[in-house]
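J.: Structure, please.
(2 chains)
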2 protein chains.
Amino acid sequence: MLYKGGGWLAAAEQGRKLSKEAFERALPGLRTALLDAQTRLRRQARFPVLIVIAGVDGGGKGDTVNILHEWFDPRFLVTHAFGPPSDEEAERPPYWRYWRALPPKGRIGIFFESCYTQPLGGAMKRKDLDRALERIRAHEKLLADDGTLLLKFYFHLSKKAQKKRLKTLAEDPARSWRVTKDDWAHFRNHGKFRRAAERVLAATHTLDAPWIVVEGADEEYRNITVAKAILKALRARLKRPHRPPKAPTLKRLKPAKRLEGLDLSLRMTERVYHRERLRLQGRLHELSRKAQKAGVPAVFLFEGSDAAGKGGAIRRLTAALDARYYRVIPVAAPTEEERAQPYLWRFWRQLPRAGHLTIFDRSWYGRLLVERVEGYAGRAEWQRAYGEIRDFEAHLLAHGTALAKCWLHIDKDEQLRRFRERERTPWKRFKITPEDYRNRAKWGLYAQAAEELFARTGTPQAPWTLVAANDKAYARVKVLKACCAALERALS
Amino acid sequence: MLYKGGGWLAAAEQGRKLSKEAFERALPGLRTALLDAQTRLRRQARFPVLIVIAGVDGGGKGDTVNILHEWFDPRFLVTHAFGPPSDEEAERPPYWRYWRALPPKGRIGIFFESCYTQPLGGAMKRKDLDRALERIRAHEKLLADDGTLLLKFYFHLSKKAQKKRLKTLAEDPARSWRVTKDDWAHFRNHGKFRRAAERVLAATHTLDAPWIVVEGADEEYRNITVAKAILKALRARLKRPHRPPKAPTLKRLKPAKRLEGLDLSLRMTERVYHRERLRLQGRLHELSRKAQKAGVPAVFLFEGSDAAGKGGAIRRLTAALDARYYRVIPVAAPTEEERAQPYLWRFWRQLPRAGHLTIFDRSWYGRLLVERVEGYAGRAEWQRAYGEIRDFEAHLLAHGTALAKCWLHIDKDEQLRRFRERERTPWKRFKITPEDYRNRAKWGLYAQAAEELFARTGTPQAPWTLVAANDKAYARVKVLKACCAALERALS
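T.: Below you'll find the predicted structure:
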């Protein structure tokens, strides 16, 4: 079924057929096997399965998807058709809707075209197309690396076969509604679509997310072919569990000690702090109004060691903001639903609507900090995260999101002083747990992880703001400035 | 602060004020106490707090909400302003957006007006207003009964004070954007809004969801008054945990034995089944197309004992449907996120968009079946659920949803036969667990619960279809008919 080199689609213009008898003979065994594999997927193996269906009009996409719902147990299978985005979707980065619809572990999801619709349309400029395909590859790699079984089907028809199919449908009173003017227009552009498909398929066919081209003219052949391909892939994965890929080759880093280089003695007098804070809060308020008006979404994230003052800095921001337009997400251990998805899923789902702001108190960088240091993520996993996070932030930026990333840094003595102070204050005591002292013992490991993270995820568009935070006044003013600057960048 | 009888609002037109000095004196202690209460809420008590803010324009709603975000820890507080519904919201019953935004246990949610916007607008017809208020009362009762701490603030200004406030804002360059044409139009209708507010407040002021009328003219007075009221209510609840209300008084039931009355010997020949199934699947397909076109959402739910054939019946439905428009939700134990909400929350969140269908394989009736029989819900809880579920379904029906409720019934011998058969079939074996045999031992209790549920939740608009299911063919045809009938009712 896989046709490489010299054209993907020619091999799917040969009039392949399956007789009714052969179909009926194959069916009972095939259905039993599909149900069995689906059950084992759900009860034992528990990885997500994502099936993408694309292809020419009249190629049988809808029919085959319906048949798969008939042959699999439909309770554990969900199909998403991505038409025009809803307004809630349109206000987020384009991939938000695909993330939102991802099947959790143990389930099968079918995507109707999804991110392929536009590239397969054949109307994109070369540069945009290349970028779109790059995005798709990165996205599918992330899913596959995380354990998703990915299969992509392209249903093809020769021009002659497409004409015949559309005519047959149009002449059948029960199905004529399925042939639209668009379908005929597409038919006239068969050649254009064909060329676009050749390019897209070649560029996005990978070992982890292969394309399977299926000749769509004969219903029996098409359905059996697709079901068998799914069964084969499912069985192979059930037999041999997903082996996380090796760690990517990362560029060597020059030793940088940015945290050590911070001047922690920086201080601000009460008077200057008061003046600066009010001035910057006014500025932030004004910018946030502009962002609301312009429909610019914003994401501010905060990292740093325990007791570095993240919460206090966040409160100085929110004091200047309209409560109807922001929300603060304190990031702790993921919930059950979140654990059944790739780790970035829970951040995608919290992205703000146009004109709104999400403040993350700790963030996706946890993958490179606590998950790395405590061993919750394997070496290959957290090393992959550098690129995955850069891609994620690129989605935000390309959508016009104002992004501020603040790291609040204090030294070990200051942390101890703050722990002790918290222990003395009745209503702050809950903030200190034995875990805080355990984390403190790993100070060096966290610092090393932080340095590497700055070097690998700081970009000109999404720079890290490192904040000397021994003095709270100084830190808060610096954070206010960084957030104003992020809004200014996005608004300009 | 509570003014009953002789007009709610007159008492909030007296020019109450708080001096700057008194405000500054009260503030530190108040803020510490608020944070302390919020922390205890989050770490020990874990109930949801919902604060509704309503009132006249210029009454200070926005300012006070922002102050609350400053005084509380904004990480555990979320404000929702309900403007015009998004298209995803508009395609669901109106309360979907309020359910969607409910704070989970341990958190505080602030709703800007929410379901009160329309009733307070003063433009509803008497009959519609009465119905809207009845809905609000039922909704708030459900939340309060479930343990939510509910507080509602109405910010009032006399006509004179409102004029002064709007003028002050309009003349301040930094805040003039906040005064819109609408605000002045509302000002001219001060009397109309006043009358509407009097009526709405009186009708929805309950012990569990009290209104607190606050004079809005003086900022210091307003903010301190609101914060103190919240603190008082929070502390009272933290001291004396929520006691679930007593079971409601239910009408006595005439002994009905609808399940026993079913003729389980009903059978269908293979030939008739084949013909009828195809005919009804065609009909269902046609009706579902009509529903897609008309934007009618549909909900089909299935209940019945283990091995009664729910899955098989569902597959005969979905075989006739377009996979892009339906999804099947198998209902098992609630997830972590779902457990932090009232039990109906997880069903509200799954409601279909316009033209789409959700099939529930088991449903909210679990509250009255497994939760009742196994004791997961207390007596008062499941007895309340009859009314709550009737209200929930009334929301669906009022929104035009096609609703089918099917109960598949088999006898004990047939169940045992099917268990044995499943145990013999390799890929069905997983379906049988020791729990199935345990449930079997409680056959009588489940039957009794079912009978009561039919009597108390079957309505002319949302009738139960009881299906004799010893013969699978007969049962599937009957289910197809019931689902077609539900779509026909909604489409007519």
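J.: domain ranges for chain A?
T.: A:10-239, A:258-491 (automatic domain parsing).
J.: so how far is the first one from its chain's centroid?
T.: Meaning domain A:10-239. The chain centre lies 20 Å from the centre of domain A:10-239; the measure is Cα atoms, centre = their mean, to the nearest Å.
J.: Ends of that domain, what's the gap?
T.: Domain A:10-239 has an end-to-end distance of 33 Å (Cα to Cα, to the nearest Å).
J.: re earlier: would CSV of the domains of chain A with mean neighbour count, mean pLDDT and distance to chain B be doable?
T.: Bear in mind the C-beta positions are built from the backbone N, C-alpha and C, glycine included. Formatted as CSV, the domains of chain A follow (neighbours: other Cβ atoms under 10 Å in any protein chain shown; pLDDT from 0 to 100; distance: least, Cβ to the nearest Cβ, whole Å):
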stretch, mean neighbour count, mean pLDDT, distance to chain B
domain A:10-239, 18, 93, 4
domain A:258-491, 18, 94, 4
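J.: okay if I get those domains as a markdown table plus distance to residue B:324?
T.: Below are those laid out as a markdown table (distance: least, Cβ to Cβ, whole Å):
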| stretch | distance to residue B:324 |
| --- | --- |
| domain A:10-239 | 4 |
| domain A:258-491 | 22 |
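J.: can you tell me the helix or strand for the residue nearest to residue A:447 when sequence neighbours are not counted?
T.: Among residues not flanking residue A:447 along the chain, residue A:259 sits closest, at 5.8 Å (Cβ to Cβ, 6 or more residues apart in numbering or on different chains). Element membership of residue A:259 [criterion: DSSP states H and E] is helix A:258-261.
J.: what's the next helix or strand after that helix packed up against?
T.: Downstream of helix A:258-261, the first helix or strand assigned by DSSP H and E is helix A:270-294. Where contact means 3 or more Cβ pairs under 8 Å, 6 or more residues apart in numbering or on different chains; DSSP states H and E, helix A:270-294 is packed against helix A:310-318, helix A:472-491.
J.: And the helix or strand following the shortest one, what does it pack against?
T.: So that's helix A:310-318. Scanning forward in sequence from helix A:310-318 by DSSP H and E, the next helix or strand is strand A:326-330. Where contact means 3+ Cβ pairs under 8 Å, 6+ apart, strand A:326-330 is packed against helix A:310-318, strand A:357-361.
J.: and the direction of strand A:326-330 versus that of helix A:270-294, what angle?
T.: Angle of strand A:326-330 versus helix A:270-294, following axes from the mean of the first three to the mean of the last three Cα atoms, to 10 degrees, is 110 degrees.
J.: what is the orientation angle of strand A:326-330 with helix A:310-318?
T.: In terms of direction (the same axes, to 10 degrees), strand A:326-330 departs from helix A:310-318 by 170 degrees.
J.: Name the strands paired with strand A:326-330 and say parallel or antiparallel.
T.: Strand A:326-330 has its sheet partners listed here by DSSP bridges as strand A:357-361 (parallel).
J.: what about the strand it pairs with, distance to the chain center?
T.: Offset of strand A:357-361 from its chain centre (Cα atoms, centre = their mean): 18 Å.
J.: Please export the C-alpha coordinates of the helix or strand just after that strand as CSV.
T.: Once the chain leaves strand A:357-361, the next helix or strand it forms, by DSSP H and E, is helix A:370-373. Taking Å, rounded to 0.1, in the frame of the first residue of the first chain, the C-alpha atoms of helix A:370-373 are listed here in CSV:
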residue,chain,number,x,y,z
VAL,A,370,11.2,19.1,38.8
GLU,A,371,10.5,16.3,36.3
ARG,A,372,14.1,16.2,35.3
VAL,A,373,15.6,16.5,38.7
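J.: list the helices and strands helix A:370-373 packs on?
T.: Applying 3+ Cβ pairs under 8 Å, 6+ apart, we find helix A:370-373 packed against helix A:379-398, helix A:443-457.
J.: which residues sit against the helix or strand encompassing residue A:212?
T.: For residue A:212, the element it lies in under DSSP H and E is strand A:211-215. With contacts defined as Cβ atoms under 8 Å, 6 or more residues apart in numbering or on different chains, strand A:211-215 is touched by A:1-3, A:8-9, A:11-16, A:55, A:151-157, A:201, A:204-205, A:221-222, A:225-226, A:229.
J.: center of chain A - which residue?
T.: The centre of chain A sits closest to residue A:99, judged by Cα atoms, centre = their mean, with a distance of 5.3 Å.
J.: Do I have it right that that residue meets residue A:347?
T.: No - the pair residue A:99 / residue A:347 is not scored as a contact, 9.4 Å apart, by Cβ atoms under 8 Å.
J.: now the closest residue to residue A:178 other than its chain neighbours: how far from residue A:223?
T.: With Cβ to Cβ, 6+ apart as the criterion, residue A:178 has its nearest non-adjacent residue at 5.6 Å, and that residue is residue A:169. The gap separating residue A:169 from residue A:223 is 17 Å, by Cβ to Cβ, to the nearest Å.
J.: gap between the residue of chain A positioned farthest from its centre and residue B:433?
T.: Ranked by distance from the centre of chain A (Cα atoms, centre = their mean), the top residue is residue A:271, with 45.0 Å. From residue A:271 over to residue B:433 the distance is 71 Å, taken as Cβ to Cβ.
J.: Using the three-state scheme, assign residue A:14.
T.: Put simply, residue A:14 is coil when judged by DSSP: H, G, I helix; E, B strand; the rest coil.
J.: backbone phi and psi for it, please?
T.: Torsion angles at residue A:14 (phi, psi; degrees, to the nearest 10) stand at phi -110, psi 0.
J.: Let me know the helix or strand that residue A:467 is in.
T.: strand A:464-468.
J.: neighbouring strands for that strand, and are they parallel or not?
T.: Strand A:464-468 is paired, per DSSP bridges, with strand A:402-409 (parallel).
J.: Can you check what angle separates the partner strand from helix A:379-398?
T.: Going by the same axes, to 10 degrees, strand A:402-409 makes 140 degrees with helix A:379-398.
J.: for the helix or strand following strand A:402-409, the distance to its chain's centre please.
T.: Using DSSP H and E, the next helix or strand after strand A:402-409 towards the C-terminus is helix A:412-424. Helix A:412-424 sits 38 Å away from the centroid of its parent chain (Cα atoms, centre = their mean).
J.: From the contact counts, what lies against helix A:412-424?
T.: Applying 3+ Cβ pairs under 8 Å, 6+ apart, one finds that helix A:412-424 makes contact with helix A:434-441.
J.: residues in contact with the helix it packs on?
T.: For helix A:434-441, contacts defined as Cβ under 8 Å, 6+ apart pick out A:305, A:306, A:307, A:412, A:415, A:416, A:419, A:446.
J.: Export the residues you listed to JSON lines and append columns for distance to residue B:343.
T.: Output for the contacts of helix A:434-441, formatted as JSON lines (distance: Cβ to Cβ, whole Å):
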{"residue": "A:305", "distance to residue B:343": "41"}
{"residue": "A:306", "distance to residue B:343": "37"}
{"residue": "A:307", "distance to residue B:343": "39"}
{"residue": "A:412", "distance to residue B:343": "48"}
{"residue": "A:415", "distance to residue B:343": "43"}
{"residue": "A:416", "distance to residue B:343": "46"}
{"residue": "A:419", "distance to residue B:343": "41"}
{"residue": "A:446", "distance to residue B:343": "42"}
